[in-house]
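[1] Provided below for reference: sequence and predicted model.
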Amino acid sequence: MKYILIFLYRLYQLFIFLPIFIVITILCAVVTVVGCRFGNGHFWGYYPGKYWSRLICYLLLLPIHVEGRENLDPKQSYVFVSNHQGAFDIFLIYGFLNRNFKWMMKKSLRKVPFLGVACEYAHHIFVDRSGASKIRKTYDNAREILKEGMSLVVFPEGARTFTGHMGVFRRGAFMLASELQLPVCPLTINGSFNVKPRMKDIYWVFWHPMSLTIHKPIPYKPGDDHEREMMAEAYKAVMDGLVPEYQGYEENLDQ
């Protein structure tokens with residue numbers, strides 16, 4: 001019975017979900033580009049992507065659970081930091097965090113058809129690590145976004161996991177938060193690795209529940225060591241929120 005359900009789910013993905021996904025992705029990209037070009041970029045850069053992400057999860061029949069929204073102040077900007085389990089982290093956070101924000105993402109994603117140009121018009125931040133000047137420009141852009149009262153979402157690991165476990169956190173997001181005296185809010189994602197693991201030759205989505213845990217924000221405190229303290233505290237919060245199967249550090253050679 002299990003294998004029959006898997007077979008039917010794959011048929012559904014191929015003949016029903018995939019055509020719908022292509023159409024709504026193109027529509028979302030066009031609406032985002034046009035809206036940001038002629039209207040409020042903060043509005044059109046967020047809401048089309050939010051409902052596109054939700055629709056994808058609903059179409060794939062993926063159960064979603066979110067806890068901890070009560071920890072957030074609606075008038076406060078945050079630097080959100082999350083573990084990076086897989087491709088569906090994007091849909092989970094974009095669709096269900098319920099906060100207007102900008103992504104900090106790999107420069108290579110600019111090349112993704114339709115999505116790349118939509119992200120550019122939405123003023124999401126592409127991280128260019130090709131040189132010191134490019135890195136500085138990336139963080140200058142992030143500073144301007146945060147000064148406008150927006151929040152920022154960062155995957156401090158910098159790359160998706162190969163095993164479901166966490167790698168190390170990079171300092172960039174915490175440096176920004178410390179410099180601008182903003183709280184850091186840790187997020188824990190569970191289930192995304194099971195839905196779409198990072199493995200070669202796996203093109204299917206696997207049915208599995210996903211959850212997003214919004215931890216209590218870590219407030220800014222003055223002091224030379226606070227940046228490292230924030231990073232350590234955020235790492236522990238994210239790690240403690242993982243299901244036991246994926247707790248514990250494992251080296252990610254792609255970081």
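    Happy to help now that I have it.
[2] Going by C-alpha atoms from here, please, whenever you check contacts or count neighbours.
    Noted.
[3] how about the helices of the stretch 151-255 of the chain, start to end?
    With helices called from DSSP state H, counting those that start in this stretch, the stretch 151-255 of the chain shows them at 172-179, 192-195, 226-240.
[4] for these, which one sits closest to Phe15?
    Closest approach to Phe15 among the helices of the stretch 151-255 of the chain is made by helix 192-195 (18.9 Å; CA to CA).
[5] packing partners for that closest one?
    Contact partners of helix 192-195 among helices and strands, from 3 or more CA pairs under 8 Å, 6 or more residues apart in numbering; DSSP states H and E: helix 88-96.
[6] Can you name the next helix or strand after the helix it packs on?
    Downstream of helix 88-96, the next assigned helix or strand under DSSP states H and E is strand 101-106.
[7] Pull the distance from that following strand to the chain's centre.
    Distance of strand 101-106 from its chain centroid, counting by CA atoms, centre = their mean, to the nearest Å, is 7 Å.
[8] Which positions in that strand come out as buried?
    Under the neighbour-count criterion of 16 or more other CA atoms under 10 Å, strand 101-106 has Phe101, Lys102, Trp103, Met104, Met105 buried.
[9] hang on, the earlier thing: of all the helices of the stretch 151-255 of the chain, which one comes closest to Tyr47?
    Closest among the helices of the stretch 151-255 of the chain, using CA to CA: helix 192-195, at 22.0 Å.
[10] which strands and helices sit next to the lowest-mean-pLDDT helix or strand in the chain?
    Every helix and strand in the chain was compared by mean pLDDT, DSSP states H and E; the lowest is helix 132-147, with a mean of 77. Contacts defined by 3+ CA pairs under 8 Å, 6+ apart place helix 132-147 against strand 125-127, strand 151-154, helix 172-179.
[11] switch to 10 Å and redo it
    strand 101-106, strand 125-127, strand 151-154, helix 172-179 (3 or more CA pairs under 10 Å, 6 or more residues apart in numbering; DSSP states H and E).
[12] got the angle for the last one vs helix 132-147?
    To tie it back to what came earlier, the one meant is helix 172-179. 50 degrees (axes from the mean of the first three to the mean of the last three CA atoms, to 10 degrees).
[13] in helix 172-179, what counts as buried?
    Going by 16+ other CA under 10 Å, helix 172-179 has these buried residues: Ala173, Phe174, Met175, Leu176, Ala177, Ser178.
[14] now stretch 1-11: how far from the chain's centre is it?
    On CA atoms, centre = their mean, the centre of stretch 1-11 falls 29 Å from the chain's centre.
[15] what comes up buried for it?
    Of all the residues in stretch 1-11, those buried under the rule 16+ other CA under 10 Å are Tyr9, Arg10.
[16] And stretch 242-252, by the same measure?
    Residues of stretch 242-252 classed as buried: Leu242, Tyr246, Asn252 (neighbour count, 16+ other CA under 10 Å).
[17] The last one: what's its closest spatial neighbour, skipping adjacent residues?
    To tie it back to what came earlier, the one meant is Asn252. The shortest distance from Asn252 to any residue other than its chain neighbours is 5.6 Å, reached at Gly167 (CA to CA, 6 or more residues apart in numbering).
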